[in-house]
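1. Got a sequence here, can you model it:
(one chain, ligands or ions: 2)
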Amino acid sequence: KEKPKNPWHKAVVIFIAVLGIIAIVALVTTAVLQNKPLQQKFKYGIVLDAGSSHTAVYIYEWPAEKENDTGRVKQKHFCQVKGPGISSYSLSPEQAGHSLRLCIQEAVLNVPRRRHHETPLYLGATAGMRLLRMENQSLCDQVLGSVEKVLQSTPFDYQGARIISGQEEGAFGWVTVNYLSDRLKQGSGTTGALDLGGASTQITFATNQDETGESAENTVTFRLYGNDYFLYTHSFLCYGKDQVLKLALAQQTQAGASTLLDPCFNQGYSTNLSYSSVYSSPCITTQKPLAAGEGFTHRGTGNALQCQEVVRRIFNFSGCTFSHCSFNGVYQPPLQGQFGAFSAYYFVMNFLNLTSDTLENNMEKMARYCSTPWTQIKQQFPNVKEKYLAEYCFSGTYILFLLTHGYNFTSDTWSNIKFIKKISGSDAGWTLGYMLNLTNMIPAEAPDTPPLPHAGYVTLLLFTSLLLFLILLCSLRSLWVRCTSQRQII
Ligand SMILES: Nc1ncnc2c1ncn2[C@@H]1O[C@H](COP(=O)(O)OP(=O)(O)O)[C@@H](O)[C@H]1O
Ligand SMILES: [Ca+2]
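-> Numbers count the residues shown, from 1 in each chain. Ligands and ions are numbered 1, 2, ... in the order given. As a prediction, this is how the structure comes out:
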């Protein structure tokens, strides 16, 4: 005889099943929502790079709660200030500050208003201002004062305008390159930084601790994310590409002739230069030739091999008092690892299409470019600024010579150099490293990471709740079987 079925059994089993499912779904959703990053709140930072030839404004952005994570700060906006570098306003210092206004207005529009007061604003000046300071401290102060006045009147958190040292310029360029390529956290191999400006050039790379003993002024140590880095760095003042051109012109016009036949400029190129435009630079230590008139005709003959000899005369390879030197008696340990070459290295080598070839092929391409007649060059590149176009033969020959004879890169190690403009969307240069350092966004010790990354946590949770659900299902099933089997027993 069948025992009357208990209508409640079925209801109870279904009720528990539904309850279990709701519990599990509720558990998983709260856990996921609980850990979901809160409304992305961003923070900002602004750095002005007051270079010898130009000023640029960089706006950086990062998620507020992640500022200690590496690689989180990104370049959000870039503004190139119209006109020359601030050091060029030495005769009208007020103009230096005024020249920044348009880019500052752009910055005001690119940073949310509610963040303005907490957005740090820095200006760092490089070799152009180092040279002006050498020439005339008072004019240098007036230019900085004029810049300071404008930056203080912005709605941002103004943190100062100063001339950074060559060491800082080199070291922070290295920080930027390694931060953006995410090499700082693993403590894995790092990338050296090669920066070519208009008035100075920097080389920086990590070396072994025992290599740093020879020259304290060339050593910078960083402790970042729990890793110690011993960096070699040197900034060659007057070896930026604009100043080095003046060095070459001064050397070739010692006789005071009215015409200079220059192998570093294309055949058919001709312009009139004043002697003062060459000899007024503090980089030129030789006196203007007495016999010289006001100026001279600068004529190109376009010969790369002869141009190499012109460039060689800018370097001094004697008088090294260390175990190894690069040039001009400057200590340099043996090169190590990969290098990122940026700023004018990139502009010149990218234009000349010398960024991805062997050293030998680059030398040949350089020779072909220099021997191309100026009329043909102008025809081929009608939209390139004539000042840049005219100097590419000189600048390219200088770069090849600097990297090989200056820094001792060989045809074997040439491929270690990558010519770069940006890394994951942000410009390679000293400004990001400078800001990261001043805002303490690269901690000395590695921030403690949660035992499980968010994704891992959610997976684990899902897995356990699925397991729970299966256990629940099995127990419900056995409960069901027991209920229905009781009916048969009778
Ligand atoms: N598009 C370009 N093509 C060639 N050269 C360029 C280009 N843009 C900038 N430059 C050059 O790159 C150099 C940038 O130097 P800059 O950073 O202003 O000087 P510094 O770092 O010595 O203070 C200058 O020589 C400038 O003329
Ligand atoms: Ca620069």
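
2. Residue of the stretch 101-250 of the chain nearest ligand 2, please.
-> Using C-beta to the ion, residue 197 is the residue of the stretch 101-250 of the chain that sits closest to ligand 2, at 3.6 Å. The way it works is simple: take the backbone N, C-alpha and C, and place the C-beta from them, glycine included.

3. wait, what's in contact with that residue?
-> For residue 197, the contacting residues are 51-53, 126-127, 240-241, 343-344, by C-beta atoms under 8 Å, 6 or more residues apart in numbering.

4. Ligand 1 next: which of those residues are close?
-> Checking those against ligand 1 by C-beta under 6 Å from any ligand atom, the ones in range are 51-53, 126-127, 240-241, 343-344.

5. how many neighbours does residue 230 have?
-> The burial count assigned to residue 230 is 17, neighbours taken as other C-beta atoms under 10 Å.

6. helix or strand for residue 478, which one?
-> Residue 478 belongs to helix 454-489 when assigned by DSSP states H and E.

7. What residues sit buried inside the helix or strand of the chain with the lowest mean pLDDT?
-> Least confident helix or strand of the chain, by mean pLDDT, DSSP states H and E, is helix 454-489 with a mean of 74. Under the neighbour-count criterion of 16 or more other C-beta atoms under 10 Å, helix 454-489 has 457-458, 461, 465, 469, 472, 476, 483 buried.

8. and for stretch 408-419, what are the contacting residues?
-> Stretch 408-419 is contacted from outside by 194, 326, 332, 334-335, 337-342, 345-346, 349-350, 354-355, 358-360, 362, 403-404, using C-beta under 8 Å, 6+ apart.

9. no, scratch that, I was asking about stretch 92-109
-> Outside of stretch 92-109, the residues within contact range by C-beta under 8 Å, 6+ apart are 46, 48, 55, 57, 59, 77, 79-83, 86, 89, 116, 139, 142-143, 145-151, 154-156.

10. Among those residues, which ones lie close to ligand 2?
-> Under the cut-off given by C-beta under 5 Å from the ion, ligand 2 has nothing from the contacts of stretch 92-109 close to it.

11. Among the residues you listed, which ones are in strands?
-> 46, 48, 55, 57, 59, 77, 79-80 (DSSP state E).

12. which among those residues gets closest to residue 232?
-> Taking C-beta to C-beta as the measure, residue 232 sits nearest to residue 48 out of the ones in strands among the contacts of stretch 92-109, at 27.8 Å.

13. if we can go back for a sec, going by neighbour count, which of the contacts of stretch 408-419 are buried?
-> Restricting those to buried positions leaves 194, 326, 332, 335, 338-342, 345-346, 349, 354-355, 359, 362, 403-404, with burial counted as 16+ other C-beta under 10 Å.

14. tell me the SS of residue 43?
-> Under DSSP: H, G, I helix; E, B strand; the rest coil, residue 43 falls in the strand class.

15. how much space between it and ligand 1?
-> Between residue 43 and ligand 1 the distance, using C-beta to the nearest ligand atom, to the nearest Å, works out to 27 Å.

16. right, and that residue touches residue 117 too?
-> No. With contact defined as C-beta atoms under 8 Å, residue 43 does not reach residue 117; the gap is 11.9 Å.

17. the more surrounded of the two?
-> Comparing residue 43 with residue 117 by other C-beta under 10 Å, the one with more neighbours is residue 43, at 20 against 9.

18. which ones are touching the more buried one?
-> With the criterion set at C-beta under 8 Å, 6+ apart, residue 43 makes contact with 61-64, 67, 115, 118-119.

19. Out of these, which end up buried?
-> For these, a burial check counting by 16+ other C-beta under 10 Å picks out 61-63, 67, 115, 119.

20. thinking again about what came up before, most neighbours out of the ones next to ligand 1 among the contacts of residue 197, which is it?
-> For the ones next to ligand 1 among the contacts of residue 197, neighbours tallied by other C-beta under 10 Å; top is residue 127, 31 neighbours.

21. So for whichever residue of the stretch 151-300 of the chain sits closest to ligand 1, what's the pLDDT?
-> Among the residues of the stretch 151-300 of the chain, residue 197 lies nearest to ligand 1; the distance is 2.2 Å by C-beta to the nearest ligand atom. According to the model's per-residue confidence, residue 197 sits at a pLDDT of 98.

22. The closest residue to it other than its chain neighbours and residue 65: what is the separation?
-> Leaving aside its chain neighbours, residue 197 sits nearest to residue 240 (4.2 Å; criterion: C-beta to C-beta, 6 or more residues apart in numbering). For residue 240, the distance to residue 65 under the criterion C-beta to C-beta, to the nearest Å works out to 40 Å.

23. can you map out the strands along the stretch 151-300 of the chain?
-> When secondary structure is read from DSSP state E, counting those that start in this stretch, the stretch 151-300 of the chain shows strands at 157-163, 192-196, 200-206, 219-224, 227-237, 259-262, 270-274, 295-300.

24. And the stretch 351-490 of the chain, by the same measure?
-> Secondary structure of the stretch 351-490 of the chain, counting by DSSP E, counting those that start in this stretch: strands at 417-419, 422-423, 426-427.

25. Out of those strands, which is closest to ligand 2?
-> Proximity of these to ligand 2 was assessed by C-beta to the ion; the nearest stretch is strand 426-427, lying at 10.6 Å.

26. Residue 290 against residue 255, yeah?
-> No. Using C-beta under 8 Å, residue 290 and residue 255 do not qualify as a contacting pair, with a distance of 10.7 Å.

27. Looking only at neighbour counts, state which of those two leads.
-> Summary of the neighbour comparison: residue 290 and residue 255, criterion other C-beta under 10 Å, with residue 255 having more neighbours (9 against 6).

28. what's near enough to touch that one?
-> Counting by C-beta under 8 Å, 6+ apart, residue 255 has contacts 289, 291.

29. do the same with residue 271
-> With C-beta under 8 Å, 6+ apart as the criterion, the residues that contact residue 271 are 297-298, 390.

30. and stretch 169-180, what's its mean pLDDT?
-> The pLDDT scores in stretch 169-180 average 97.

31. Could you count how many residues lie near the spatially closest residue to residue 389 that is not a sequence neighbour?
-> Counting by C-beta to C-beta, 6+ apart, residue 381 is the residue found nearest to residue 389 once chain neighbours are left out, at 5.7 Å. Applying other C-beta under 10 Å, we find 14 other residues in the vicinity of residue 381.
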